[in-house]
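1. here's a sequence, model it:
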Amino acid sequence: MLRPAIFTRNNNLFDDFFGDDFFAPAAARHANGGAAIMHTDVRETETEYIIDMELPGFTKEDVEAELKDGYLTVRAEHKTEKDEKDKEGHYIRKERYYGNFARSFYVGDAVTQDDIKAAFKDGILTLNVPKKEKEEKVEEKKLINIE
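-> Numbers count the residues shown, from 1 in each chain. Okay, the predicted model is just below:
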């Protein structure tokens, strides 16, 4: 049975997890001090793939999921500004944190946007992606009526 390669272009599950993008430099940090990696767990059932993506510090409004050309892309953007002033209004400390992260998974051309179910709760994005095979078009024999 052919299955979409949900994780990589090379049909190898581990290439995505051990590739360059996964182990981003530790210098890139979230506002909460954690590493800038979207930790992802993927489970497989008989009918679907379940993707759980940790996004601590993000809200539902910060997260966007898009399906294009068989690739499911999840983006998360977070902006935080902290200002501390003394009694006279002079800055004691002023910090800004900006983070923009994305992960892509190949789910196959047969999966449509309506097929994917998504939920965001307690900093975890859960995506349910059905297993679908691309339906091969069977060419019908069309006879020409001869008079």
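
2. contacts, neighbours, all on C-alpha from now
-> OK.

3. ok, then the element right after the lowest-mean-pLDDT helix or strand in the chain?
-> Least confident helix or strand, the chain: helix 13-17 with a mean of 46, by mean pLDDT, DSSP states H and E. Per DSSP states H and E, the first helix or strand lying C-terminal to helix 13-17 is strand 40-44.

4. and the strands in the protein?
-> Under the criterion DSSP state E, the chain contains strands at 40-44, 48-54, 63-68, 71-85, 91-106, 117-121, 124-130.

5. ranking those by burial, who's on top?
-> Each of the strands of the chain was scored by mean neighbour count; the highest is strand 124-130, a mean of 20, by mean count of other CA atoms under 10 Å.

6. grab the nearest non-local neighbour of the spatially most central residue of the chain.
-> The residue lying closest to the centre of the chain (CA atoms, centre = their mean) is Val74, at 2.8 Å. Among residues not flanking Val74 along the chain, Ala65 sits closest, at 4.4 Å (CA to CA, 6 or more residues apart in numbering).

7. so that neighbour versus Ala102, what's the distance?
-> Per CA to CA, to the nearest Å, Ala65 is found 9 Å from Ala102.
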